[in-house]
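Chemist: next one to model:
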Amino acid sequence: MTETSLSHPIVEPATGRAPLQLLAVCIGIAALVAAPMFFYPIFVMKILCFALFASAFNLLLGYTGLLSFGHAAFFGGAAYVTAHAAKVWGFPPELAVVAGVSSAIVIGAVIGFLAIRRQGIYFAMITLALSQMFYFFCLQAPFTGGEDGIQGVPRGKLFGLIDLGQTMNMYYFVLGVFLLGIFAIWRIVNSPFGAILKSIRENETRAISLGLSVNAYKLSAFVMSAAIAGLAGSTKALIFQFATLTDVTWQMSGEVILMTLMGGIGTLLGPVVGAGLVVTLQNVLATSEFPVTVITGATFMLCVLAFRRGIVGEFEAAIDRWKRR
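Modeler: Next up, the predicted model:
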């Protein structure tokens, strides 16, 4: 390896965005705490769920450079296990969520172990194929309820004390889970491990030449992403008190890709913004005569044409250009 190649670090340079991001986070948390006073709590909880799901996907695509078409397997698999654990096994909500996340970790480890042996479109197609296999398993497995799914899932009492049947209690539980998940992603991305993931994204061949066990890092990132996606799915099962095949379909995987691209790949807040936009569109158009998928698709095309880096990505790029003046 030449001296010139060694002179360029594989870790991304500091961008100076930390103060702006900290301010945005503080404002965002304050807004989320007050959100139930202005919006329907169930609607906001749905946004938080899918924002966490999209952020988990972004951890894999935006920071590791791996495009997965099978993330619905982790989201829906965790939802099924959480619903079954709460309804049939009588688990309290915290243990039901732990069971769901654990199942997502196992599914992620299996799919990731098989998929990371390939790159690019081959990796994406393997994740899609394995996710579809899991979909057909959920369709026929006796504990999932088939096409009816698992309905009437009890929310229970958190730690035996807090009744999650009360909407506001459930809301702040979901908010806490969301903030915990986002903090975990932030900590991963801003750690030495996260720096290695970024180096793999930028130049995998060079990372291998430096002696890094690239497959081990990619598998770790894949499992972490699956775990956080499972956390979102588990929370969703408790919010709506059911788990159905919709949670494990390939359309769900496509939807989370859409959210991430619209918000901004490789940004912390991008998937949150993208999820909020998509869920809001679905909610507003659900009672109208306009076709939801057509309007959502048109909005996506508009975002791609006008915001090549996504909404948040373009905003951050504009801030950087303003600072360089």
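Chemist: packing partners of the helix or strand containing Ala318?
Modeler: Here Ala318 is covered by helix 311-324, with elements defined by DSSP states H and E. For helix 311-324, the packing partners by 3 or more CB pairs under 8 Å, 6 or more residues apart in numbering; DSSP states H and E come out as helix 250-263, helix 270-285. In this view, the C-beta of every residue, glycine as well, is placed from N, C-alpha and C.
Chemist: show residues contacting the last one.
Modeler: Which is helix 270-285. With contact meaning CB atoms under 8 Å, 6 or more residues apart in numbering, helix 270-285 is reached by 28, 43, 46-47, 50-51, 53-55, 57-58, 62, 182, 255, 258-264, 291-292, 295-296, 299, 310-313.
Chemist: average pLDDT for it, rounded please.
Modeler: Helix 270-285 comes out with an average pLDDT of 87.
Chemist: by how many degrees do the helix or strand harbouring Leu139 and helix 250-263 diverge?
Modeler: Leu139 is part of helix 120-140, with elements assigned from DSSP H and E. Angle of helix 120-140 versus helix 250-263, following axes from the mean of the first three to the mean of the last three CA atoms, to 10 degrees, is 140 degrees.
Chemist: returning to that earlier point: please indicate which of the contacts of helix 270-285 are buried?
Modeler: The neighbour-count test (16 or more other CB atoms under 10 Å) applied to the contacts of helix 270-285 identifies 46-47, 50-51, 53-55, 57-58, 62, 182, 255, 258-264, 296, 310-313 as buried.
Chemist: for the stretch 51-200 of the chain, what spans make up the strands?
Modeler: Remark: strands assigned in the stretch 51-200 of the chain by DSSP state E, counting those that start in this stretch are 150-151, 157-158, 162-163.
Chemist: give the partner strands of the second one in its sheet and their orientations.
Modeler: Right, the one you point to is strand 157-158. Using DSSP bridges, the strands paired with strand 157-158 are strand 162-163 (antiparallel).
Chemist: show me what the strand it pairs with is in contact with.
Modeler: Strand 162-163 has contacts (CB under 8 Å, 6+ apart) with Arg155, Lys157, Asn169, Phe173.
Chemist: measure the residue positioned nearest the centre of the chain to Phe113 for me?
Modeler: In the chain, the residue lying closest to the centroid (CA atoms, centre = their mean) is Phe53, at 2.4 Å. In this view, Phe53 and Phe113 are 22 Å apart by CB to CB, to the nearest Å.
Chemist: hang on, Lys157 packs against Phe91?
Modeler: No - between Lys157 and Phe91 there is no contact under CB atoms under 8 Å: 11.6 Å.
Chemist: who has more neighbours out of those two?
Modeler: Phe91 (20 against 15; other CB atoms under 10 Å).
Chemist: pLDDT score assigned to that one?
Modeler: Note on Phe91: pLDDT of 93.
Chemist: contacts only, for it.
Modeler: By CB under 8 Å, 6+ apart, the contact set of Phe91 is Ala85, Ala99, Gly156.
Chemist: quick check: pLDDT value at the second one.
Modeler: It refers to Ala99. For Ala99, the pLDDT comes out at 95.
Chemist: quick check: it touching Ala85?
Modeler: Yes - using CB under 8 Å, Ala99 makes contact with Ala85 at a distance of 4.4 Å.
Chemist: related to what we said a few turns ago, list the buried ones in the helix holding Ala318?
Modeler: Ile311, Val312, Gly313, Glu314, Phe315, Glu316.
Chemist: again, but for stretch 197-205
Modeler: Residues of stretch 197-205 classed as buried: Leu197, Lys198, Ser199, Ile200, Arg201, Glu204 (neighbour count, 16+ other CB under 10 Å).
Chemist: same question, stretch 136-151
Modeler: Going by neighbour count (16+ other CB under 10 Å), the buried part of stretch 136-151 is Cys138, Thr144, Gly145, Gly149, Ile150.
Chemist: which of these sit farthest apart?
Modeler: Distance extremes for the buried residues of stretch 136-151: the farthest pair is Cys138 and Ile150 at 10.4 Å, using CB to CB.
Chemist: can you give me the end-to-end span of stretch 189-208?
Modeler: Stretch 189-208 has its terminal residues 20 Å apart, counting by CA to CA, to the nearest Å.
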